[in-house]
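Visitor: starting from these lines, generate the structure:
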Amino acid sequence: MTERPPARGRRPLPAAGLASPVDCGICARPLVYSADPAVLTCGLCGKEETTLIYCPAGHFVCDRCHQSGAMDVVRRVLAAEASPDPAELLERLMTHPALPMHGPEHHAIVAGVLVAAARNGGFAVQDGAVAAALDRGAKVPGGWCGYYGACGAAVGAGVAVSVLTSATPLKGPQRSLAIGATAFALERMVDDQPRCCKRASRVAVAAASEYLGERLGVRLPAGRRVSCAHSDRNAQCARAACPYFDPDR
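Guide: A predicted model of the protein is given here:
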């Protein structure tokens with residue numbers, strides 16, 4: 001049995017970012033503490049909620065998403081989200097206040113957004129495919145890029161292709177496709193810079209989207225240009241050497 005895409009109806013996605021608890025968790029502007037309630041849509045789960053505290057730019061994260069663990073929100077959002085754009089989904093999920101600047105959570109998110117986007121774009125996937133991708137990606141430890149020579153975000157791309165093709169160690173063509181996806185993403189990450197899980201995740205998703213189109217005929221949107229809002233949180237930010245760095249932010 002295949003998993004059907006959620007009903008269409010894409011929501012506008014916020015720019016990625018993270019701030020202190022007194023600022024907007026999406027764009028870092030100081031929050032408005034109003035006497036008049038406003039009805040806003042959560043930038044993560046899409047739920048409308050009445051609130052007195054919100055960002056002047058209109059960004060909002062509902063209490064349920066803010067209080068939930070990052071991976072709980074990832075699972076809930078990807079189960080319901082209808083967007084076929086994995087880069088768009090990645091940026092949404094990386095805004096969660098509990099998601100660290102670096103960490104193995106990114107490996108799971110890369111795998112999950114790719115499978116969810118393929119499903120939403122009409123590719124037939126098995127029931128539970130997104131959950132399987134998240135679970136497999138979560139098993140890849142942090143620090144693999146430097147200690148083992150394989151960035152976990154790139155492995156997440158391979159996980160996604162493995163799930164989409166139902167690969168196993170005994171299925172030669174499918175196994176090769178999964179390994180090829182990891183290799184394709186890894187090649188894009190050779191940049192002589194210290195690790196950045198945000199950069200690696202974006203590179204992995206972009207590479208995997210290209211690979212899926214070329215090798216499996218899964219045509220996913222190219223994604224919008226990203227202006228990274230996480231640079232100030234990353235002590236080893238590559239800055240001008242990173243394609244996502246924005247000196248004007």
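Visitor: so who does the residue nearest to G103 when sequence neighbours are not counted touch?
Guide: Spatially, and ignoring its direct neighbours in sequence, G103 is nearest to G142 (5.7 Å; C-beta to C-beta, 6 or more residues apart in numbering). C-beta here means a position set from N, CA and C on the backbone, and glycine is covered the same way. Counting by C-beta atoms under 8 Å, 6 or more residues apart in numbering, G142 makes contact with H102, G103, P104, G152.
Visitor: name the element the second one belongs to?
Guide: Spelled out, that is G103. Under DSSP states H and E, no helix or strand contains G103.
Visitor: residues near it, how many?
Guide: If you count neighbours by other C-beta atoms under 10 Å, G103 ends up with 13.
Visitor: thinking again about what came up before, now the buried members of the contacts of G142.
Guide: With burial judged by 16 or more other C-beta atoms under 10 Å, the buried subset of the contacts of G142 is H102, P104, G152.
Visitor: what pLDDT does H96 get?
Guide: Looking at H96, its pLDDT reads 81.
Visitor: please read the previous query as pertaining to A15.
Guide: On pLDDT, A15 comes in at 37.
Visitor: what do you get for S34?
Guide: Reported pLDDT for S34: 79.
Visitor: ok, it touching Y54?
Guide: Yes. Taking contacts as C-beta atoms under 8 Å, S34 lies within contact range of Y54: 7.3 Å.
Visitor: who has more neighbours out of these two?
Guide: Comparing S34 with Y54 by other C-beta under 10 Å, the one with more neighbours is Y54, at 20 against 12.
Visitor: secondary structure element for V115?
Guide: According to DSSP H and E, V115 maps onto helix 105-120.
Visitor: now the element after that helix, going C-ward?
Guide: Following helix 105-120 toward the C-terminus (DSSP H and E): strand 125-126.
Visitor: got the CA positions of the helix or strand immediately after that next one in the chain in CSV?
Guide: Counting by DSSP H and E, the next helix or strand C-terminal to strand 125-126 is helix 129-138. Taking Å, rounded to 0.1, in the frame of the first residue of the first chain, the C-alpha atoms of helix 129-138 are listed here in CSV:
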residue,chain,number,x,y,z
ALA,A,129,8.1,5.8,4.3
VAL,A,130,8.7,9.2,5.8
ALA,A,131,8.9,7.8,9.3
ALA,A,132,11.3,5.1,8.1
ALA,A,133,13.5,7.8,6.5
LEU,A,134,13.6,9.8,9.8
ASP,A,135,14.3,6.7,11.9
ARG,A,136,17.2,5.6,9.7
GLY,A,137,18.7,9.1,9.4
ALA,A,138,18.6,9.5,13.1
